[in-house]
Each structure stands twice: as structure tokens, then as C-alpha cells.
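Asks: task: produce atomic coordinates for the following.
(chains A and B)
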Amino acid sequence: MNRGRLREFLISGRKNVNFLVGAFIILSVILVAVFAPFIAPYGYDEANRDERLQPPSQKHPFGTDDFGRDMLSKVIYGSRITLQIALTGTLIQMALGVSVGMISGYFGRTVDKILMFVADLTWCVPGIILALAVVTLLGKGLTNSIIAISLVNWTQYARIVRAKTMSIKNQAFIETGIAFGEKAPAIMLRYIFPNIVPAIVVMASMQLPSTVMSTTALSFLGLGSQPPSPDWGLALSNGMKYITRGQWLSIFPGIALVYVVFGFNLLGEGLRDLLDPRMKSL
Amino acid sequence: MSSYIVKRLIQGFFLVFSVSVLVFAMLYIMPGDPIDQVMGWKVSQEKKDEMRRFYGFDRPLHEQYLSWARKAIKGDMGVSVRTKLPVLDLMKARIPITLKFTGLTLLFDILIAVPLGLLCAYWKDSLFDRLVVGVSLFFTAIPQFWTAVLLILLFGVTLKVLPFNGYDTPLHLVLPVAAGVLGSFASTIRMTKSEVLEVIREKYVTTAYAKGLSKSAVLVRHVLRNAIILITVLISLSIPWLISGAVILEHIFGIPGMGGLMVNSIIMQDFAVVQACVLVITVLTVVFNILCDLLIGLLDPRISLSLRGGER
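Replies: Prediction:
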């Protein structure tokens, strides 16, 4: 994106309420994650036997868990995990989806048919079942559950990128590139890829909420992050154990999660309107 | 028409076949072979080789797949390592429970969301439309498992009016189904609304108005009837998603269905059970999708025509 277009983007961005509010929310989460050690009153795994399952109070605004750990600190540190999920999950999905989509769209014919059959296959299987199967193979843990969710969500990218590639590859500047003797990988990377970046950014921001929610769901099932991680999904699953005695355990990590998902939703809507108004109909 | 059915059935067969190959392959992607995992390191190499020959692990892969598939079709999915029971016995009682739970969720989703979507399209941009769309969008930002937790906190713990753990009475299904519907009704409303808006623009709707029919008659007899086919297509597409939700909700509410079984088996590393669950759930999903497509093909001849490449 050159300077003029960037300025144009920023000017129209200032008028887009969704984008502004979404950006504000996500920025606040990033700040909290970065400065977690300075903001959090306690460490996230600082156990205190005498203060087990304390309801919210002045000392512990969000209460304490079954080990007497401060929930506010857990929620604050948990934002790091959530952003890690958002970032790495998106990168893996993107890498997989964009490469499959471009190869499929550029070469067409048999390659396209095979790759799209694989994508369709992933589409037909219930997402969580596929993710659970992958977690079974790789074992429990945050990284593995991020990989599992990525293996489910990449097809969306592949579809969009494939469609974009197919419409771009017949344009004159591609033929020029081929006439200059450029090889297929160079054509894809230097000629096609820059033209589909906006679509990928829009796609990524629209996929972020589901990536965060599904990965957290795996943690909630006990298959993602393992204790003593401050992962919000894990905290909520711990809250289920004490649902009759410590309701606050189930409330604050959930609010934090909804705050982030809501922020990504707004950011996605805003980015879509700003970068790719035609996708509005989708 | 018949060529459309044949085409769909062939596609479906390929899908089921590929899924079964993948599930079969799961066993081999795991580090170490099944004999090592079951027998541990104490057993001698000779004994293990003997076992491998006995179970046929030394034969070529395609032969192994065929004998595995033959057994699976007969319902023999191996033995659960933890409970020492045949996997089939573990699953028999659970399949209908999951089907019932998912079916009820789908039913209430349609009963609530389709009329709302229809009215939203009819009163487009009214206060009602904005309110319904706003509320449903709000629920898409809430992960389904947290909706379930909140429902439990409100109705189960604070008000103590509904049970939230188990599957003994019909009342036990109220909260899980409510959580399922809250998780999926936003997309159903949106799909219904956009389809109905499409149909409202059609010429036969204008004609119906010109005939002097009342608004409600046009809406139900002409608009909804035509939109319902497309809505069915879209709802059938959301089935995999619905089943995903069911897995998590069953785990939360302690419903003894396939989802709960699967999650527990993964935690216990009971591999044969997981494998069987993946296979059964996926095959059910694919079969259900094909049935939906066939139904749609029967309802709307235009769809099968368009698949034949426009020949008239």
C-alpha cells in the first residue's frame, strides 16, 4: 500500500465507527497484554491457601479461585494467551489457505480439482470433530489446539484467494510478466499476491473471532492450555467445577473473552467496509 | 432428475470413503504403532511381532484398510482400551441421544428464527428489524459454551428452576437446547432475511399483489413457500456447525451423547472410541447433507436442471 492510499485509508477510517471502536477495543487489549506485569496486582499463579474461593472484594476485585489465586490478575495475563491464539492461529490459517488458494486458482484443472476436493472435505466435517481428531493425534496443549483449529479454518481463505486469483490471472499485466519469462512462483508472489492482500486482510479480521472462540472452546474442554495457564477458556472450565460456590469464576473471564471477540467483530466489519466494499453482500 | 441423484450419491460415496481413509490413517499418524502403544515396552520384540502378524499389521496397508472397513461396516469398531467393552456397545445408546438433542435444537432454531427473519425482511429497516438483528448479532459475539455457562448460572444456580446436569427428564434438555438455539439463531435469521428479500423482488410477488391478495397471503403463500427451499439449503449447510456445538454442550451439561463420550475418550486417550466417534459423526453429517440435497432437488426442479448444465 503506497502513501497516498494509506492516507486515504486513514481518512475514511476516521469516519467508520465500527473500525474505530473495534480498533480501540483491540488496542486496549494489546496494551493490557503488553503491560500485564505492571497492571496485574498479583502474579497469575500466585496461590494463597488462606484466600481460597473468595468472592469479589476490594483486595480481589474479581475474587479468587480454588487455589486462592487472584482472578483479576489471571484475566489480565490471559489476554496474552488470547492474543497469541489470534496471531499464530491467523498466520497458520493464512499461510495454508493463501498458498492452496493461489496454487489452485493459478494452475486450475486437475490441481484445482484435487485441492478443492480436500477443502470441500474439510468443509463437510463438523469443525470441532476435525479439531478433536487432530488434538487426539498431536496431544493436548495450546499450540496443538491452535494448529487443530487452523486446520479447520483455512478453507475459507483458500476459497476467497482462489476466486481472486482466477479473476486476476487473465489480466494483461500477468501476460506481460509471463512474456518477460517470469516463472510461476514469481508470478504468484510478485504479481498476484500484492493484489489480493486487501482481501486476505479482510478475511483474516473476519475469521479472528471464530479462531479465538474455537481455540478457547478447546481449552474449555480441557484439551488446550493446561494449568496453571491463565487461559480464559481454562479459567471458565475451572469455574464450571465451582459453579454453585463461586459464580465469579465463570463470569469475569467470559466477559473478557466477549470483549475481545466483540472488538474483532467490529474491526472486521470496519476493515471490510474500508478495504473491500464489494464483499458487503457476503 | 435421476442423473442428479446419481451424481450426488457418487459424490457422497467419495466423501464417506475419503473420511474413512483419513480415520483409518489416524491410527498410523500416531507415533509408534498400535501394538507398541497397547503392549508397552516390557513385552519382547518376538512377542510383539507375533501380535503384529496376528492382528495383520504386517500386511500391506490397502489390505489392512479393506479388512478394517469390512469390520467397520458390520459395526465392529474395536474394543475400548479403558472400559474393555466393544466400542459399538458404548456408542449404541449414545447415538440416538445426540440425534435427539441436535434435532430438537434444529427444530427450535427453525421455529424461532425463520418467522423472525421473515418479519425482519417484511418490516425491513424498522425498529423491529434493527432490534432483532442487533440482539442476534450480540449473541454471535458470545461463545456458545459461555452462553451455556450463563444460562446455568441464571436458571440453574440462582433461580434454581431448571436442572443443568444429566439427562433424566425432558426438563434436563431445556437449557442445552436453549444454549444451542442462542448459538445458531443469528445466522438462521440472517439467511432467512436475505432469502426472503430476494424473493420479494420477484415478478410473481408483484403479480400476486396486483391480483389483490392480502399482504399476509402473499407473504405466506408466495414468498415463504419459495424462500423455504433456499432456507432449507442453507440450514442443511449449518448442520456440521450445529453438531460441533452439540459436542461442547453435551460435555457441559453432562448429556450422555456422542460428544460427551468423545471428549472424555480424548482426555483418557481411549483411541478406538475417538476413531469410531469421528467416523460415525462425519458419516452421519455427510449422509444427512445428501438427504437434504435430494429433498431440495425433489422440491425445486430448477436446481437439478441447473446442475445438468442448462439443458432443457
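Asks: hang on, A:Val152 packs against A:Ala133?
Replies: No. At 10.1 Å, A:Val152 does not count as touching A:Ala133 under the criterion of CB atoms under 8 Å. In short, each C-beta sits where N, CA and C put it, glycine included.
Asks: now the common contact residues for those two.
Replies: Counting by CB atoms under 8 Å, 6 or more residues apart in numbering or on different chains, A:Val152 and A:Ala133 have no shared contacts at all.
Asks: can I get stretch A:46-61 as CSV, trimmed to CA atoms?
Replies: Output for stretch A:46-61, consisting of C-alpha atoms alone and laid out as CSV, is shown next (Å, rounded to 0.1, in the frame of the first residue of the first chain):
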residue,chain,number,x,y,z
GLU,A,46,0.4,-16.9,43.0
ALA,A,47,-1.5,-19.3,45.1
ASN,A,48,-2.7,-18.3,48.6
ARG,A,49,-4.1,-21.1,50.8
ASP,A,50,-5.9,-18.7,53.2
GLU,A,51,-7.9,-17.0,50.4
ARG,A,52,-9.5,-19.8,48.5
LEU,A,53,-12.7,-19.1,46.6
GLN,A,54,-13.1,-15.6,47.9
PRO,A,55,-15.9,-13.5,46.3
PRO,A,56,-15.0,-10.2,44.7
SER,A,57,-13.7,-7.7,47.3
GLN,A,58,-11.6,-4.6,47.4
LYS,A,59,-8.5,-6.7,47.7
HIS,A,60,-9.5,-9.0,44.9
PRO,A,61,-11.9,-7.2,42.6
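Asks: how about A:Ala184: what's its closest non-neighbour residue?
Replies: Nearest-residue entry for A:Ala184: A:Tyr106, 6.8 Å, with adjacent residues in sequence omitted and distances by CB to CB, 6 or more residues apart in numbering or on different chains.
Asks: so what does the helix or strand encompassing that neighbour touch, helix or strand wise?
Replies: When secondary structure is defined using DSSP states H and E, the element that contains A:Tyr106 is helix A:71-107. Helix A:71-107 sits against helix A:17-34, helix A:36-39, helix A:109-124, helix A:142-168, helix A:193-220, helix A:232-241, helix A:248-275, with contacts defined as 3 or more CB pairs under 8 Å, 6 or more residues apart in numbering or on different chains; DSSP states H and E.
Asks: comparing these by mean pLDDT, which bottoms out?
Replies: Mean pLDDT per stretch puts helix A:109-124 lowest among the helices and strands packed on helix A:71-107, at a mean of 82.
Asks: how far off centre is that helix?
Replies: The chain centre lies 24 Å from the centre of helix A:109-124; the measure is CA atoms, centre = their mean, to the nearest Å.
Asks: start to end distance for stretch B:194-207?
Replies: Stretch B:194-207 has its terminal residues 21 Å apart, counting by CA to CA, to the nearest Å.
Asks: buried residues in that stretch, which are they?
Replies: Of the residues in stretch B:194-207, those scored as buried under the neighbour-count criterion (16 or more other CB atoms under 10 Å in any protein chain shown) are B:Ser194, B:Glu195, B:Val196, B:Leu197, B:Val199, B:Ile200, B:Val205.
Asks: how about residues contacting that stretch?
Replies: In contact with stretch B:194-207 (CB under 8 Å, 6+ apart) are residues B:117-118, B:121-122, B:124, B:218, B:222-224, B:226-227, B:230-231, B:234.
Asks: that one - what's its average pLDDT?
Replies: 83.
Asks: what parts of chain A come near chain B?
Replies: For chain A, the residues found near chain B under the criterion CB under 8 Å from any CB of the partner chain are A:117, A:120-121, A:123-129, A:132-133, A:135-137, A:140, A:209, A:213, A:216-217, A:220-223, A:236, A:239-240, A:243-244, A:247, A:250-251, A:254, A:257-258, A:261-262, A:265.
Asks: mind doing that once more with 6 Å?
Replies: With CB under 6 Å from any CB of the partner chain as the criterion, chain A comes near chain B at residues A:121, A:124-129, A:132-133, A:136-137, A:213, A:217, A:220-221, A:243-244, A:247, A:250, A:254, A:258, A:261-262, A:265.
Asks: only whichever of those are buried, select them in PyMOL.
Replies: Only the buried members of those end up in this PyMOL selection, burial being decided by 16+ other CB under 10 Å:
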select buried, chain A and resi 121+124+125+126+127+128+129+132+133+136+137+213+217+220+221+243+247+250+254+258+261+262+265
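Asks: do you know how far B:Val133 is from B:Trp123?
Replies: From B:Val133 over to B:Trp123 the distance is 11 Å, taken as CB to CB, to the nearest Å.
Asks: neighbour-wise, which of the two wins?
Replies: B:Val133 (17 against 13; other CB atoms under 10 Å in any protein chain shown).
Asks: and the pLDDT at the more buried one?
Replies: pLDDT recorded at B:Val133 is 85.
Asks: any idea how many residues pack against the residue nearest to it when sequence neighbours are not counted?
Replies: Closest residue to B:Val133 apart from its sequence neighbours, by CB to CB, 6+ apart: B:Cys120 at 6.5 Å. With neighbours defined by other CB under 10 Å, the count for B:Cys120 comes to 26.
Asks: cool, and B:Val114?
Replies: For B:Val114, the number of neighbouring residues by other CB under 10 Å comes to 23.
Asks: chain neighbours aside, what residue packs nearest to it?
Replies: Of all residues not flanking B:Val114 in the chain, B:Thr192 sits nearest, at 5.1 Å (CB to CB, 6+ apart).
Asks: list the contacts for the one you found?
Replies: Taking CB atoms under 6 Å, 6 or more residues apart in numbering or on different chains as the definition of contact, the neighbours of B:Thr192 are B:Val114, B:Gly117, B:Ile231.
Asks: just the element for the second one, please.
Replies: For B:Gly117, the element it lies in under DSSP H and E is helix B:94-122.
Asks: the inter-axis angle of the helix or strand following that helix versus helix B:94-122?
Replies: Beyond helix B:94-122 on the C-terminal side, the first helix or strand identified by DSSP H and E is helix B:127-140. Comparing the axes of helix B:127-140 and helix B:94-122 via axes from the mean of the first three to the mean of the last three CA atoms, to 10 degrees yields an angle of 150 degrees.
Asks: now the angle from the helix or strand just after helix B:127-140 to helix A:193-220?
Replies: The C-terminal neighbour of helix B:127-140 among helices and strands, as given by DSSP H and E, is helix B:144-151. Taking the same axes, to 10 degrees, one finds that helix B:144-151 is oriented at 40 degrees with respect to helix A:193-220.
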